[in-house]
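Enquirer: only geometry, no sequence info:
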């Protein structure tokens, strides 16, 4: 039977737990990733007496986090988008500073070349004007080559950062898998006792992971979570991880692929990776480096073709017809490392006006059919 002393004792014990929880909240006010906790109270089981049911006091039923799974997933999604855009912006700004530099940018070199041509047109017999055109043309060619090397340098740096980011993803995934196991054990051992601090640690890791790549989560019955990236590729399943790796792209050796190891074989997931630093690096590499180099080559090819076409219509100091002023720009074909045949592909620019800033893939069906695809 409940007594006044027993009821008072239950209240004292329950509120002691509440005060301890408040102290825990205060002590961790500056702890990264900590979620404020609260104590839920329930009435203790009542006793049947002759006049009815007699209450027996209060108990602390559970200690829970102030946590909203929907808001947490929205935060991770926002962090992923923000991280991708920041990564793109940081790397693109370096390109912008380089191309837009008033001293070493492409614009002053082209302007100097055309100014020299204008001076030569005003005085065709001037040896000094002719020499100036040659000097400015060499400077312009050097500037194109300089930018090509700078683009490739930025590509190498982006690939190095990509490999580091993949290592970080794998390390975080391993830690999440370990916490999954600890959380499942704690939950099963404690019944309704929630391992709040372990859950906070796991959520903090998920936040860090979302800064590297866009993630989705799915909670299992044992309270472990599965972490999904891309279009359904599993990174963490319970206490097991599927590590990412950086592998050589057979058809584009300059741009390594990201792969998952599933069932003992590697599956390329580069096209499925979005968000975070990984998504930003991949976007920078494809949209800025590859596209920028193609446009740089397209500009050089157009400039060379136009100048050569005009130059061949003139005559030199000795009355002979002019020839090409610049060496014509050439295009290259690269074989896929997975090709089993011995065929080779050569590329010729027949009409520069039809040239696009795209790459192309030529495939062979093994019979008589070839397919050229603009990528």
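Expert: Okay, I see it. Quick caveat, the model's predicted, so the values are computed rather than measured. Numbers count the residues shown, from 1 in each chain.
Enquirer: for the residue nearest to residue 330 when sequence neighbours are not counted, what are its contacts?
Expert: Ranked by CB to CB, 6 or more residues apart in numbering and with sequence neighbours excluded, the top spatial neighbour of residue 330 is residue 349, at 7.2 Å. Glycine gets a C-beta too; all of them are placed from N, C-alpha and C. Counting by CB atoms under 8 Å, 6 or more residues apart in numbering, residue 349 touches 301, 328, 329, 330, 331, 355.
Enquirer: please apply the same query to residue 258.
Expert: With contacts defined as CB under 8 Å, 6+ apart, residue 258 is in contact with 162, 166, 244, 245, 246, 247, 268, 269, 270, 273, 278, 282.
Enquirer: 10 Å instead?
Expert: Under the criterion of CB atoms under 10 Å, 6 or more residues apart in numbering, the contact list for residue 258 reads 162-163, 165-166, 169, 213, 229-230, 244-247, 249, 266, 268-273, 278, 281-282.
Enquirer: and those, which of them are buried?
Expert: Among these, those classed as buried by neighbour count (16 or more other CB atoms under 10 Å) are 162, 165-166, 169, 213, 229-230, 244, 246, 249, 269-270, 273, 278, 281-282.
Enquirer: three-state assignment of residue 361?
Expert: Using DSSP: H, G, I helix; E, B strand; the rest coil, the three-state assignment for residue 361 comes out as strand.
Enquirer: that one touches residue 372, doesn't it?
Expert: Yes. Using CB atoms under 10 Å as the test, residue 361 is close enough to residue 372 to be in contact (7.4 Å).
Enquirer: out of those two, which sits in the busier spot?
Expert: Set side by side, residue 361 and residue 372 show more neighbours around residue 361, with 12 against 8, by other CB atoms under 10 Å.
Enquirer: how near is the more buried one to residue 347?
Expert: For residue 361, the distance to residue 347 (CB to CB, to the nearest Å) stands at 12 Å.
Enquirer: next one: residue 27
Expert: 68 Å.
Enquirer: do residue 200 as well
Expert: Where residue 347 is concerned, residue 200 sits at a distance of 57 Å (CB to CB).
Enquirer: if you count surrounding residues, which of these two has more?
Expert: Of the pair residue 200 and residue 347, residue 200 is the one with more neighbours under other CB under 10 Å, namely 19 against 12.
Enquirer: isn't the more buried one up against residue 66?
Expert: No. Counting by CB under 10 Å, residue 200 stays clear of residue 66, with 11.1 Å between them.
Enquirer: mind listing the shared neighbours of these two?
Expert: Between them, residue 200 and residue 66 have 35, 37 as joint contacts when contacts are counted by CB under 10 Å, 6+ apart.
Enquirer: Three-state assignment for residue 64, please.
Expert: Looking at residue 64 with three-state DSSP, the answer is strand.
Enquirer: show me what it is bridged to.
Expert: Judged by DSSP bridges, the bridge partners of residue 64 are residue 38.
Enquirer: name the spans of the stretch 201-350 of the chain whose pLDDT lies under the cut-off.
Expert: Nowhere does the stretch 201-350 of the chain drop to pLDDT under 70.
Enquirer: just to revisit the earlier point, let's see which of the buried ones among the contacts of residue 258 end up in strands.
Expert: Counted as lying in strands by DSSP state E, out of the buried ones among the contacts of residue 258, are 229, 244, 246.
Enquirer: now do the contacts for the first one.
Expert: So that's residue 229. The neighbours of residue 229, taking CB under 10 Å, 6+ apart as the test, are 169, 173, 209, 212-216, 235-236, 242, 244, 258, 260, 269, 272-276, 278.
Enquirer: now with 8 Å?
Expert: Going by CB under 8 Å, 6+ apart, the list of residues near residue 229 reads 213, 214, 215, 216, 235, 269, 272, 273.
Enquirer: the last one too?
Expert: Residues near residue 246 by CB under 8 Å, 6+ apart: 159, 162, 163, 166, 256, 257, 258, 259.
Enquirer: relative to residue 53, which of these is nearest.
Expert: Distance ranking of those against residue 53, using CB to CB, places residue 166 first at 62.6 Å.
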